[in-house]
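Enquirer: Structure for this input, please:
(2 chains)
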Amino acid sequence: MKELSLNILDIVQNSLAAGASHIAVDIAETGDTLRITVTDDGCGMDETTVRNVTNPFYTTRKTRSVGLGIPFFKLAAEQTGGDLTLRSTPAGESDDHGTVISALFYKTSIDFTPLGDVSSTLCTLVQGLPDGTDITFTHSLPGGTISLDTAEMRAVLCGVPLSTPDVIVFIKDDLAAQYAEARALK
Amino acid sequence: MKSLEELAKIRERMAGKVALREGENSIRIVVGMATCGIAAGARPVLNALVEEVAKQGVSDKATVSQTGCIGICQYEPVVEVFEPGKEKTTYVKMTPEKAVRVVAEHIKGGKPVVEYTIGNTII
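Expert: Got it, this is the predicted structure:
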């Protein structure tokens, strides 16, 4: 992956496949570090699956016998000196089920992959978001926090689909304005 | 988020159009968005398709949606076009530039861009 924002797009597909009704994408940035956390309330995974998902030769898909989404994300973190953690509670075990995947990156490493176009990732995610699923996004920077909440948007839109092109353009412009503000304050 | 009023304006503008839309769009443009697709550049292709469908005024007859791994990872980014009563068209090694032409000639004009389809692409 050329950008970490592409890894985010890929990792969130797992939450969608897990049937999550709420997915939180959080990016926390300090001077030297960047942490990406994806939290969902989907069906979760049992212990054996959690152990297997970082193995590139493990996958649940039927089309091929490799699964590179989480291994790529882990590699991107580890090659900067950071790490990847994964916690999951399967639906059968508790009402509080779901998965939290979190990766820490050291921005000072020569092998740090740039974060890239997060706004484009969010537009893509919202465009394909199923009706029963909502996403919250936060990106905390030294100069401020950028946020997005599709549940709040749906409440204002009253039935107009989130995938409407005008809505996607709105998100793109809104995020650009928020980023400009946070970066100006830095 | 900043300006929710802007979103309320979109709602007012779209209110009348939504009902009309649901019944009429029959062409489905599907983009493979698994790890293979994303790594090969599916994100800008998807965004270009969404943008062009709106810009070229064909949103009443086509919708753009996302799917997982289609199974031909070496041909990604892959875009499939489903039209009622017709055979599926599979576009491979897509780019945002190719997407503009697919919307113009295939979705709007009704003629698939044969040179971008799987049978005509050398990898």
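Enquirer: for chain B, what helix or strand is lowest in average pLDDT?
Expert: None of the helices or strands of chain B scores lower by mean pLDDT, DSSP states H and E than helix B:4-24, at a mean of 74.
Enquirer: For the following helix or strand past it, which strands pair with it and how are they oriented?
Expert: Sequence-wise, the next helix or strand downstream of helix B:4-24 (DSSP states H and E) is strand B:27-32. Paired with strand B:27-32 in the same sheet, following DSSP bridges, are strand B:62-67 (parallel), strand B:79-82 (antiparallel).
Enquirer: Show me which positions of strand B:27-32 end up buried.
Expert: B:27, B:29, B:30, B:31, B:32 (16 or more other CB atoms under 10 Å in any protein chain shown). From N, CA and C alone the C-beta is placed, and that goes for glycine too.
Enquirer: same thing with stretch B:64-81?
Expert: Quick answer for stretch B:64-81 (16+ other CB under 10 Å): B:64, B:66, B:68-70, B:73, B:75-81.
Enquirer: ok, now stretch B:80-91?
Expert: Neighbour counts over stretch B:80-91 (16+ other CB under 10 Å) mark B:80, B:81, B:83, B:89, B:90, B:91 as buried.
Enquirer: Tell me which of these has the lowest pLDDT.
Expert: By pLDDT, residue B:83 ranks lowest within those, coming in at 93.
Enquirer: got the residues of chain A near chain B?
Expert: A:1, A:6, A:9-10, A:13, A:17, A:61, A:63-64, A:67-69, A:72, A:120-121, A:123-124, A:127-128, A:147-149, A:152-153, A:156-161, A:163-168, A:170, A:174, A:177-178 (CB under 8 Å from any CB of the partner chain).
Enquirer: among these, which ones are buried?
Expert: A:1, A:6, A:9-10, A:13, A:67-69, A:72, A:120-121, A:123-124, A:127-128, A:147-148, A:153, A:157, A:160-161, A:164-165, A:167-168, A:170, A:174, A:178.
Enquirer: Who are the contact partners of residue A:46?
Expert: A:88, A:90 (CB atoms under 8 Å, 6 or more residues apart in numbering or on different chains).
Enquirer: What of residue A:34?
Expert: A:4, A:27, A:28, A:104, A:105, A:107, A:115.
Enquirer: State the number of residues packed around the second one.
Expert: Each residue near residue A:27 was counted by other CB atoms under 10 Å in any protein chain shown, and the total is 20.
Enquirer: re earlier: next step: the buried ones among the residues of chain A next to chain B restricted to helices.
Expert: Those of these mapping onto helices are A:6, A:9-10, A:13, A:69, A:72, A:120-121, A:123-124, A:127, A:153, A:157, A:165, A:167-168, A:170, A:174, A:178, per DSSP state H.
Enquirer: ok, of the strands paired with strand B:27-32, where does mean pLDDT dip lowest?
Expert: Sorting the strands paired with strand B:27-32 by mean pLDDT places strand B:62-67 lowest, at a mean of 93.
Enquirer: Run through who's touching the helix or strand harbouring residue A:180.
Expert: Residue A:180 is part of helix A:165-185 when elements are defined by DSSP H and E. With contacts defined as CB under 8 Å, 6+ apart, helix A:165-185 is touched by A:118-120, A:122-123, A:126-127, A:141, A:143-148, A:153, A:157, A:160-161, B:1-3, B:6-7, B:10, B:13-14, B:50-51, B:53-54, B:59.
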